[in-house]
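> Next input, structure requested:
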Amino acid sequence: MKLRRTQKEKHKQFDFPAPMYFIAKLAHQFPSLANAMHRTESIYLRTRLKDYSVDRPIYVTGMARAGTTITLEMLSRYPNVATHRYLHMVLPYTPHFIQLVAKVLPLMKSPVERLHKDRMLVTRDSPEAVEEILWQRFFSSIVDESQSNILDSSTRHPKFEGFYREHIRKLLFDQNATRYAAKNNYNVSRMEYLQKLFPDVRFIIVVRNPFDHIASLAKQDMILRNLEYGDPRLLDWTKIIGHREFGSARICINLGSSETVDKIRKLWTSPETYVQGWAIYWNAVYAYVHDMLESNPNLADASIVFRYEDLCEFPEKTIDAIVQHVEIDSTSFRPIKDYYSSRLTKPTYYRTEYTEKEEHDILRETEETANRFGYSF
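This next block holds a predicted model:
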């Protein structure tokens, strides 16, 4: 497979200032310190948090590079929706305190293209997937590929659950919002547990044509590996923040089959079978999602599934469906819908050239599951 850029880089590359990296590393290495900071902030905000509760939280999920980021970005523009932001990566345990510090520091205020090199510009206030730091703090086993990473309705973790609810309330208070929205690709394995925690939860699940999706996954994996050579901190940083879909720190979500994970791992080691590995992984994730929704009516009712291609080709119709599902006022959301409807397009910044074998591998490994989501090859 060959990936070729079709446009030149136009924006400064995203980078966290070194002090922010070392602060995040300190909190990661000393969990007791992070817990103490969380408790201190909670005591400080105690009276002000009383008026905030977690109402119909919104979770955007699916594999990386499916369109989850742009979906979260749309929702974050709605005034009543609170999200994690880039600045929260440094100290997610104290979202209010880090926001106060950011107000007096001129860091990361100018838009730059994010590391993914996918035309998306970010600042410290851009919405981002941050909560995986918290999940890995309380559930250390979820980064272990040798065992199932599924958290279902039988999962119970009182310490995490108390912390997590209070953490969301802090974000709601800090952003003067009534709804919480999060993007986390790993949450495909935790939907039942999240519905147990929040019975009124709303899930947004994004799926993408496997041929285009796998090309995007492979492109991002290549970009991150190249960046790791130039910045030794990057590998460590991806582990700290839990963004481990690509690069040397990449891990698979074990959805109940260690045999499948082992097979994917072996295929990824060879250029001749690398694409096939991604195809099997795509199929494992989305077959699991489809089976879950078929077997769990309550989860199906709480979920909306849309194809990334439909978001790009029929943005108004697709956005209307999303807004209706998550129960946001469509009239007040209209300016946001109009803004994105006029800008959403399919990626044109790279071109994929699969070999005949790679095309055959993708078709063989994904066709059945892709058909279940309305794709026809």
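> Before we go further, Glu166 is sitting in a helix, right?
Yes. If the criterion is DSSP: H, G, I helix; E, B strand; the rest coil, then Glu166 is within a helix.
> tell me which element the nearest residue to it once chain neighbours are set aside is part of?
Once flanking residues are discounted, Glu166 sits nearest to Ser42: 6.0 Å by CB to CB, 6 or more residues apart in numbering. The way it works is simple: take the backbone N, C-alpha and C, and place the C-beta from them, glycine included. Ser42 is located in helix 31-49, with elements delineated by DSSP states H and E.
> Can you list the buried residues in that helix?
Ala34, Met37, His38, Glu41, Ser42, Leu45, Leu49 (16 or more other CB atoms under 10 Å).
> if we can go back for a sec, okay, the residue nearest to Glu166 and Arg169: tell me how far apart.
9 Å (CB to CB, to the nearest Å).
> shared neighbours of those two, anything?
Leu49 (CB atoms under 8 Å, 6 or more residues apart in numbering).
> on that earlier part again, what residues does the helix holding Ser42 touch?
26-28, 91, 93-97, 137, 163, 166-167, 169-170, 173.
> and with 7 Å instead?
Ala27, Leu91, Tyr93, Thr94, His96, Phe97, Arg137, Phe163, Glu166, Arg169, Lys170, Phe173 (CB atoms under 7 Å, 6 or more residues apart in numbering).
> averaged over its residues, what pLDDT does the helix or strand just after it have?
Following helix 31-49 in sequence order, the next helix or strand is strand 58-61 (DSSP H and E). For strand 58-61, mean pLDDT is 98.
> Contacts only, for Leu75.
Ile58, Val81, Ala181.
> from those residues, which is closest to Trp237?
Using CB to CB, Ala181 is the member of those that lies nearest Trp237, at 24.1 Å.
> Contact partners for that closest one?
By CB under 7 Å, 6+ apart, the neighbours of Ala181 are Ile58, Val60, Leu72, Leu75, Ser76, Val81, Thr83.
> Compile those into CSV and extend it with columns for secondary structure and distance to Leu255.
Below are the contacts of Ala181 laid out as CSV (DSSP: H, G, I helix; E, B strand; the rest coil; distance: CB to CB, whole Å):
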residue, secondary structure, distance to Leu255
Ile58, strand, 23
Val60, strand, 19
Leu72, helix, 23
Leu75, helix, 26
Ser76, helix, 28
Val81, strand, 29
Thr83, coil, 26
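> In those residues, find the pair that's most separated.
Val60 and Val81 (11.3 Å).
> the more surrounded of the two?
Between Val60 and Val81, counted using other CB atoms under 10 Å, Val60 has the larger neighbour count: 30 against 22.
> For the residue nearest in space to the middle of the chain, give its distance to Arg307.
Central residue of the chain (CA atoms, centre = their mean): Asn184, 3.2 Å from the mean position. Here Asn184 is placed at a distance of 20 Å from Arg307 (CB to CB).
> which stretches of the stretch 101-250 of the chain form helices?
132-138, 158-174, 191-197, 210-230, 233-241 (DSSP state H, counting those that start in this stretch).
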